[in-house]
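Trainee: After the sequence you'll find the predicted model.
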Amino acid sequence: MRIWDAVVIGAGQAGLSAAHHLVQRNVDTLVLDANPAPGGAWQHRWDSLTMDDVHGVADLPGAVAPPRGRSRANEAVPTYFADYERTQGLVVQRPVRVDRVESDGELLRVEAGGQSWLTRTLVNATGTWDRPFVPRYPGQETFAGEQLHTVDYPGAAHFAGKRVVVVGGGASAVQFLGEIAPLTETLWVTRREPVWIDHFDGEAGHRAVAKVQERVLAGLPPQSVVSVTGLHLRPQEQRAAELGAYRRRPMFTSIERDGVRMADGTFEPADVILWATGFRAAVTHLAPLHLRSPEGGIRLEAIPGAGQTPTQSAVDPRVQLVGFGPSASTIGANRAGRAAAIAVVRQLRQA
């Protein structure tokens with residue numbers, strides 16, 4: 001069986017960045033991607049998400065990202081990624097959904113269905129889209145209406161004439177309310193009081209990344225970068241604000257057949273519960289490597305000469321994680337890709 005120097009799992013922003021930097025360093029690299037086509041999670045985003053709506057797509061190394069505008073993000077970014085794979089000459093095999101990664105002596109064995117690959121190092125870039133998180137509440141299974149998660153969002157028109165309870169305190173919830181509230185009645189509930197900011201600048205971004213980075217350095221489960229930046233209303237959400245869509249209510253305590261029961265005992269009818277409750281890191285395939293710390297996260301380390309972004313597993317230096325924790329943004333993914341490539345080269349030299 002061929003032994004690769006590096007296998008990258010995932011062909012989103014982080015995976016493509018890592019693969020680019022590895023190839024530039026003459027590392028024999030294979031990329032495995034679970035999707036049937038290029039585009040990472042972007043190809044699964046809802047049709048109403050335009051390039052004007054996204055928080056920004058950073059340039060991949062050596063290639064200018066699609067411009068802002070009204071073009072659909074789920075078309076523009078996948079086209080960009082496909083062009084990048086081709087022009088960079090990356091070896092991408094798809095669709096390959098990795099089941100497990102385990103040690104095989106000094107090597108790592110990557111398994112997917114009936115296929116397997118041997119590699120000296122691994123760069124995990126699987127993101128979060130495949131692991132939507134929906135919290136559990138009493139009576140949830142009795143609800144007669146629809147329950148949808150962000151991954152299922154069908155567009156605002158689907159909700160016309162239905163009373164929608166939007167759950168979640170992140171940017172997706174704000175955007176969904178901005179689209180849905182002008183069409184129908186909504187109720188917004190969150191566990192914590194939302195934190196609003198007037199604008200988001202580079203300094204605020206660095207502070208947010210630093211907070212998330214502290215957690216992965218300590219082996220704690222990472223928070224999303226967005227969760228520590230605060231919320232900001234864009235012009236396209238002003239109409240929803242005028243309608244009162246952003247008057248947040250505390251989280252309900254239970255779900256009933258036709259609605260939700262609030263903490264104060266009142267009942268709120270609902271036809272749809274839209275769970276904008278985020279995602280968890282898609283890393284279950286790494287379980288055989290026992291990378292998790294006693295605190296429940298995967299502790300990462302920054303490598304000297306690779307910048308400040310931690311990517312290397314503190315337990316197994318053969319393994320790098322990118323697009324994880326502090327690098328779970330497009331610009332952070334680029335930096336992590338470079339850092340991971342430097343760490344891989346160092347590990348190959350020491351092996």
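Mentor: Structure's in. What do you need?
Trainee: Quick one: the helices in this protein, in order.
Mentor: In order along the chain, the chain carries the following helices (DSSP state H): 13-24, 73-88, 171-180, 202-217, 238-242, 330-350.
Trainee: so which of these gets nearest E146?
Mentor: Closest approach to E146 among those (CB to CB): helix 171-180, 12.9 Å. C-beta coordinates here come from the backbone N, C-alpha and C atoms, glycine included.
Trainee: Could I get the pLDDT score of the closest residue to R249 other than its chain neighbours?
Mentor: Nearest non-adjacent residue to R249, counting by CB to CB, 6 or more residues apart in numbering: V189, 5.0 Å away. pLDDT, V189: 98.
Trainee: Give the bridge partners for V189, please.
Mentor: For V189, the beta-bridge partners are V167, R249 (DSSP bridges).
Trainee: excluding its backbone neighbours, what's nearest G337?
Mentor: S17 (2.8 Å).
Trainee: Neighbours of the one you found, how many?
Mentor: Here the number of neighbours of S17 (other CB atoms under 10 Å) works out to 32.
Trainee: mind listing what it touches?
Mentor: When the contact criterion is CB atoms under 8 Å, 6 or more residues apart in numbering, the partners of S17 are 60-61, 322, 333-334, 336-338.
Trainee: distance between the ends of stretch 309-321?
Mentor: Here the two ends of stretch 309-321 are set 11 Å apart, with distance taken as CA to CA, to the nearest Å.
Trainee: What pLDDT is listed against the nearest residue to N334 once chain neighbours are set aside?
Mentor: Of all residues not flanking N334 in the chain, S17 sits nearest, at 4.7 Å (CB to CB, 6+ apart). For S17, the pLDDT comes out at 96.
Trainee: how near is S17 to T253?
Mentor: 43 Å (CB to CB, to the nearest Å).
Trainee: And for A287?
Mentor: 34 Å.
Trainee: One more: A302?
Mentor: Applying CB to CB to A302 and T253 gives a distance of 43 Å.
Trainee: one step back: may I see the contacts of S17 arranged in TSV, with pLDDT and distance to A125 as well?
Mentor: Putting those into TSV (pLDDT from 0 to 100; distance: CB to CB, whole Å) gives the following:
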residue	pLDDT	distance to A125
L60	95	13
P61	94	14
V322	96	5
A333	85	8
N334	88	12
A336	92	9
G337	94	8
R338	94	13
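Trainee: Just put those in TSV and tack on distance to T309 and neighbour count.
Mentor: Listed next are the contacts of S17 as TSV, based on distance: CB to CB, whole Å; neighbours: other CB atoms under 10 Å:
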residue	distance to T309	neighbour count
L60	16	21
P61	14	16
V322	9	33
A333	10	26
N334	10	25
A336	5	33
G337	9	31
R338	8	21
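Trainee: of those, closest to A218?
Mentor: A336 (18.0 Å).
Trainee: wait, what's in contact with the closest one?
Mentor: 14, 17-18, 309, 311, 322-324, 327.
Trainee: which among these gets closest to P222?
Mentor: F324 (6.5 Å).
Trainee: Can you spell out the domain ranges of this protein, please?
Mentor: Domain segmentation of the chain under automatic domain parsing yields 3-130+280-350, 140-196+231-275.
Trainee: out of the ones you listed, nearest to L220?
Mentor: Among the domains of the chain, the nearest to L220 by CB to CB is domain 3-130+280-350 (4.5 Å).
Trainee: how far does that closest one stretch from start to finish?
Mentor: End-to-end distance of domain 3-130+280-350 (CA to CA): 17 Å.
Trainee: what's the weakest-modelled helix or strand in the protein?
Mentor: Least confident helix or strand of the chain, by mean pLDDT, DSSP states H and E, is helix 202-217 with a mean of 66.
Trainee: before we move on, back to that, for the helices of the chain, which one ends up most surrounded?
Mentor: Each of the helices of the chain was scored by mean neighbour count; the highest is helix 13-24, a mean of 27, by mean count of other CB atoms under 10 Å.
Trainee: same for the biggest strand by length in the chain, what does it pack against?
Mentor: If you go by DSSP state E, the chain has its longest strand at strand 115-124. On a contact count with 3 or more CB pairs under 8 Å, 6 or more residues apart in numbering; DSSP states H and E, strand 115-124 meets strand 3-9, helix 13-24, strand 29-32, strand 100-104, strand 107-112, strand 319-321, helix 330-350.
Trainee: which residues touch A263?
Mentor: Contacts for A263 (CB under 8 Å, 6+ apart) come out as 250-253.
Trainee: I'd like the distance between the residue nearest to G337 and S327.
Mentor: In terms of CB to CB, S17 sits 9 Å off from S327.
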